[in-house]
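Q: take this sequence and fold it.
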Amino acid sequence: MISRMLKVAVVAAAVSGFAGSAGLADECDDITKAVRNLVDKIEPDKAKGNQPLTCAIYAEGLGMLKLLRVVSGECLEEDSKRAPALAELERTIRSLQSQVIDRNCG
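A: Reported below is the predicted structural model:
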């Protein structure tokens, strides 16, 4: 579940469109790709019943989403797509926190 939530958030931010200048857009693309690569490596299923490890993996994923939120806030163009993209990231962060981490790791 966490892997899917994280990947959806990364893709949503990537397709929303980054800032117009070529240099900033390239930098934003590079950062987003780096975050995407980190997200792809998160596999909570590998914890196999080890609750502390599972919670650590979930927390790492939450941190990645928060990092993506900061990057997106700086990189997304000031247009009609920016606010919905940032709002979706916020909803995903809150959902992961409340439905996964708080319920399983509290």
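Q: could you use CA atoms for every contact and neighbour count after this?
A: OK.
Q: and the residue most central in space within the chain, which of the three is it?
A: Centroid-nearest residue in the chain: L65, 2.8 Å away (criterion: C-alpha atoms, centre = their mean). Assigned state for L65: helix (three-state reduction, DSSP: H, G, I helix; E, B strand; the rest coil).
Q: before we move on, what's the pLDDT of it?
A: pLDDT, L65: 85.
Q: next one: E27
A: For E27, pLDDT reads 84.
Q: circling back: my guess is the residue nearest to the centre of the chain contacts I93. True?
A: Yes: with contacts counted by C-alpha atoms under 8 Å, L65 reaches I93, the gap being 6.4 Å.
Q: show me what counts as buried in stretch 43-59.
A: P44, T54, C55, I57, Y58, A59 (16 or more other C-alpha atoms under 10 Å).
Q: for that stretch, what is the distance to the chain centroid?
A: 18 Å (C-alpha atoms, centre = their mean, to the nearest Å).
Q: can you give me the end-to-end span of that stretch?
A: End-to-end distance for stretch 43-59, by C-alpha to C-alpha, to the nearest Å: 12 Å.
Q: the strand or helix carrying A83 packs against which elements?
A: A83 belongs to helix 82-95 when assigned by DSSP states H and E. Secondary-structure packing of helix 82-95 (3 or more C-alpha pairs under 8 Å, 6 or more residues apart in numbering; DSSP states H and E): helix 2-15, helix 51-75.
Q: how far off centre is whichever helix or strand comes after that helix?
A: The helix or strand immediately downstream of helix 82-95 is helix 102-105, counting by DSSP H and E. Centre-to-centre, helix 102-105 and its host chain are 19 Å apart (C-alpha atoms, centre = their mean).
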